[in-house]
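S.K.: pasted the sequence and its predicted model underneath.
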Amino acid sequence: MKIALIGYGKMGQAVKRIGEERGHEFPVVVDHNVKEATHKHVDAKVLDVVDMVVDFSLGESVLKHIGICAEAGKNLIVGTTGWYEKLDEVKKMVEKSKIGFLWSSNFSIGVNLYFKIIEDAAKLMNDFDEYDVWGYEIHHSNKADSPSGTAKTLEKILLKNIERKTAVVEERLDRKREPNEIHFASVRGGVANFNHTVGFDAPADTITISHVARNRDGYALGAVKAAEWLKDKKGYFEMKDFLKF
């Protein structure tokens, strides 16, 4: 495919490298802060020469980019985080435009398998109230948002499947945590930290389940594979559709 890449930070660069290794071309790279980009801004005309768009830019730009892709009739992969409160609006835009759209808070196949493992573990723990639950994430110091989209997804999985937990606290706690709450903490530091851990703790033992990424390649490969899967499809999709969970 010929792919337009919106956002040429470290994730965008990894997507381009992995995509080229799989035989794809990137004639359009959009980023107003990076001199290696082919374009500083994107519009429908810029997308004439591509088959697919992959967006790893900024959350506040997602709706705009969907509108541009709809005008151009181009399918879109979104790995950008920080826009999920607009998800219902995005679904309506995709349905109206009849483009193909797939998003994920994390495109790593390993992380999505991890989501499934946490879901199954949470369902088991729902029947054993002696186990409390907590979580934390560690990301590199340049991570733009906190908590990450991955952490948000883990929180939703835990709340959905453990009935005694009804709220998540993400900020610093200067009080006793309530029994119905989950504390999910975020740490930022280092160059290439990608670590998510969920713990289940009882008086007798502790169970911890972690996913640790060595680099960005797993995220980039998942995004490129998802783009290959989406190429001729129309409609709204999530990573679980691609992975057939």
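M.R.: Ah, there it is.
S.K.: need the distance between the two termini of stretch 140-158.
M.R.: Length of stretch 140-158, first residue to last, CA to CA, to the nearest Å: 24 Å.
S.K.: now swap in stretch 35-53 and tell me
M.R.: Stretch 35-53 stretches 20 Å from its first residue to its last (CA to CA).
S.K.: again with stretch 20-37
M.R.: Distance across stretch 20-37, first residue to last, is 16 Å (CA to CA).
S.K.: how close does the most centrally placed residue in the chain sit to residue 114?
M.R.: Nearest to the geometric centre of the chain sits residue 105, at 1.5 Å (CA atoms, centre = their mean). Distance, residue 105 to residue 114, by CB to CB, to the nearest Å: 12 Å. For glycine as for every other residue, the C-beta is placed from the backbone atoms N, C-alpha and C.
S.K.: next: residue 63.
M.R.: Distance from residue 63 to residue 114, by CB to CB: 29 Å.
S.K.: just to revisit the earlier point, check which helix or strand covers the residue nearest to the centre of the chain.
M.R.: Assigned by DSSP states H and E, residue 105 belongs to no helix or strand.
S.K.: how about it, nearest residue that isn't a chain neighbour?
M.R.: With sequence-adjacent residues excluded and distances taken as CB to CB, 6 or more residues apart in numbering, residue 105 is closest to residue 149, at 3.1 Å.
S.K.: pretty sure residue 137 sits in a strand.
M.R.: Yes - checked against DSSP: H, G, I helix; E, B strand; the rest coil, residue 137 lies within a strand.
S.K.: any idea how far residue 245 is from it?
M.R.: To residue 245, residue 137 is 22 Å away according to CB to CB.
S.K.: so residue 63 and residue 114 - more neighbours on which side?
M.R.: residue 114 (21 against 14; other CB atoms under 10 Å).
S.K.: quick one: what helix or strand has that one in it?
M.R.: Going by DSSP H and E, residue 114 is in helix 109-125.
S.K.: give me the average confidence score over that helix.
M.R.: The average pLDDT within helix 109-125 is 96.
S.K.: other residues contacting it?
M.R.: 104, 106, 131, 133, 150, 153-154, 157-158, 160-162, 196, 198, 200, 207, 209, 211, 213, 218-219, 221-222, 225, 239-240, 243, 245 (CB atoms under 8 Å, 6 or more residues apart in numbering).
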